[in-house]
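Chemist: Can you look at this prediction? I've put the sequence above it.
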Amino acid sequence: MDKPIINGNTITIPSSQDYLVNVDDFVESYLDRKKVDKSVIADIAICVTEIVINGIIHGNQSNPDKKVKVAIEKEESRVRVVIFDEGKGFDPEDIANPIAEENLLKEVGRGIFIVKSLMDEVTVVHEKDGTKTTIVKNL
């Protein structure tokens, strides 16, 4: 795979940060078409970007032969986004608190913190062929 593939409410990208703009455009345009408030769109887009970056770097180890898939769905009173990478996974509870004094100057660990702060639900499930992170924003 050498370019993003869009199929309905899903975009699949190679494991490269070069395609983050494609994911962001996809998410924002989908939510805009569904008449989601602009501030909510911004929160969701930030969170999707954070999880996709984690999937590329930590999950797929930036291996261009692996993919990250994003599926988005606006339901009646919420937006649900599922991000799937082909990595071994992680436990979000094992990530150190980025606002603890000893972690303030570290360059990693803030993405999940931001996502948990902006979303109403965050779940991470390890599957045999990768990691599925689901984020939900109630409207």
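Modeler: Arrived safely.
Chemist: Show me which residues of whichever helix in the chain runs longest are buried.
Modeler: Ranked by number of residues, the top helix in the chain under DSSP state H is helix 38-54. Buried residues in helix 38-54, defined by neighbour count with 16 or more other Cβ atoms under 10 Å: 41, 43-54. Heads up, the C-betas are built off the backbone N, CA and C, glycines and all.
Chemist: Now tell me what touches stretch 47-63 from outside.
Modeler: Contact with stretch 47-63 is made by 13, 15-17, 20, 23-24, 27, 66-68, 70, 72, 81, 83-90, 111-112, 114-115, 118-119, 130-131, 133, 135, 137, as judged by Cβ atoms under 8 Å, 6 or more residues apart in numbering.
Chemist: Just the buried residues out of those residues, in PyMOL syntax.
Modeler: PyMOL command restricting the contacts of stretch 47-63 to the buried ones, with burial defined by 16+ other Cβ under 10 Å:
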select buried, resi 13+15+20+23+27+66+67+68+70+72+81+83+84+85+86+87+90+111+112+115+118+119+130+131+133+135+137
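Chemist: Can you give me the separation between residue 84 and residue 36?
Modeler: 22 Å (Cβ to Cβ, to the nearest Å).
Chemist: and if you look at residue 78?
Modeler: 10 Å.
Chemist: With residue 46 instead?
Modeler: Distance from residue 46 to residue 36, counting by Cβ to Cβ: 14 Å.
Chemist: now swap in residue 74 and tell me
Modeler: From residue 74 to residue 36 the distance is 7 Å (Cβ to Cβ).
Chemist: Just the terminal-to-terminal distance for stretch 2-15.
Modeler: End-to-end span of stretch 2-15 (Cα to Cα, to the nearest Å): 10 Å.
Chemist: just stretch 59-77 next, same as before
Modeler: 31 Å.
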